[in-house]
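Engineer: What follows is a predicted structure for the sequence shown.
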Amino acid sequence: MATNTELAPRIPSPAPRTTWEGITGAWLAEVTARTGSKRTPGEYSRYLARFMAEVGGDPAQATTATVHAFAYGEGPHGRQPSPSTVIVRLAALRSFYDFARRMGMVADNPTVDVKRPKARPPVPRGLEVEELQRLLAVIPDTVVGKRDRAIVLVAVFTGLRRQEIIGLKAGDLTRNGSVYYNVRVKGGATRRRELPQPAFNAILDALVADGRPLEGLAPDDSLFNISDVTFYAYLRKYAKRAGLEGLKPHDLRHTAAKMRRNNGASIEDVGALLGHASIATTARYLARMEGEADSGWEGVAAALGVA
């Protein structure tokens, strides 16, 4: 007669994690849970796979020299890595070895004595009025084009980040003589600022063209109905047509800082426009923009043919 023990369903044992394959899977799961990101685990996984191939599938045999050679070595296409790439490679391996050490797979972390390079800060790029004219001129006079033109003008007149602009909703706009906008900024705070008339007019024009006039929108309705990734793709296309290859959405924010500074605003005023917590950050934005000709908001609006 079968005993209760024999009749009880057998619960499978958890997969062992004391293999490098098991450790890798558990580590990536932890990275995903910790960062809440899809991109970071993907990057880490690719770099670890390449590193595993270089150490014959046994990372326990790696030394500081092995790690250094991998972090600073040429990529699969034979190019020397940028400082930022080296930093990410080291971050991936450091995280992996920290996890492996906690799991008892290695005694030491061979990445700790490998020095990180100093990342070069990006060089601010603020467009000249003539360059901005060229960019606006190549944006077609279509429903999509009017939307993208509005996004560009909001960016250069307000200095908002791409995600902040894309996240604007109808309820974020209020009128009290002038038009104001509420925006959720980096860090989760909300700012209320005046929206320059040319930017507001461009929004109204885009909404009417899309068959969604502002007065008919609910407070939670998006003003632009586009993802930041899609807008970036459109901007790259427009920039190429205008001879401005390499233009990024963040460069429009630099352009806003440049125009305000050229209008005589102090660094403190520009920092307030951009929502910077530190004047040092604003100074970096303006580092290559000092001493240029004055170009006020009204002059820029007139030069661009917007009102």
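Structural biologist: Happy to help now that I have it.
Engineer: buried stuff in the longest helix belonging to the chain?
Structural biologist: The longest helix of the chain (DSSP state H) is helix 83-102. Within helix 83-102, the residues that qualify as buried are 85-97, 99-100, counting by 16 or more other C-beta atoms under 10 Å. Yep, even glycine has a C-beta here, placed from its N, CA and C like the rest.
Engineer: Equivalent analysis for stretch 237-254, please.
Structural biologist: Neighbour-count burial for stretch 237-254, counted by 16+ other C-beta under 10 Å, picks out 238-239, 242, 244, 247, 249, 251-254.
Engineer: Show me which of the residues you listed is closest to residue 31.
Structural biologist: Within the buried residues of stretch 237-254, distances to residue 31 taken as C-beta to C-beta reach their minimum at residue 249, with 27.4 Å.
Engineer: Grab the nearest non-local neighbour of that closest one.
Structural biologist: Here the nearest residue to residue 249 in space, its sequence neighbours aside, is residue 162; by C-beta to C-beta, 6 or more residues apart in numbering that works out to 3.9 Å.
Engineer: Report the two of the buried residues of stretch 237-254 separated the most.
Structural biologist: 242 and 253 (18.1 Å).
Engineer: hey, where'd the helices end up in the stretch 101-250 of the chain?
Structural biologist: Applying DSSP state H, counting those that start in this stretch to the stretch 101-250 of the chain gives helices spanning 129-138, 143-158, 162-166, 197-209, 228-241, 249-262.
Engineer: domain assignment for the protein?
Structural biologist: Domain ranges of the chain: 20-102, 129-168+197-212+222-304, per automatic domain parsing.
Engineer: List the contacts of stretch 101-115.
Structural biologist: Around stretch 101-115, the neighbours that count as contacts under C-beta atoms under 8 Å, 6 or more residues apart in numbering are 17-18, 20, 23, 26, 59-60, 62-64, 66-68, 71, 90, 93-94, 97-98, 100.
Engineer: now the stretch 51-200 of the chain, which segments are flagged as low pLDDT?
Structural biologist: Under the criterion of pLDDT under 70, the regions of the stretch 51-200 of the chain flagged as low confidence span 119-124, 185-188.
Engineer: Look through this protein and tell me its longest strand.
Structural biologist: When the chain is parsed with DSSP state E, its longest strand is strand 178-184.
Engineer: Who are the packing partners of that one?
Structural biologist: Counting contacts by 3 or more C-beta pairs under 8 Å, 6 or more residues apart in numbering; DSSP states H and E, strand 178-184 is packed against strand 173-176, strand 190-194.
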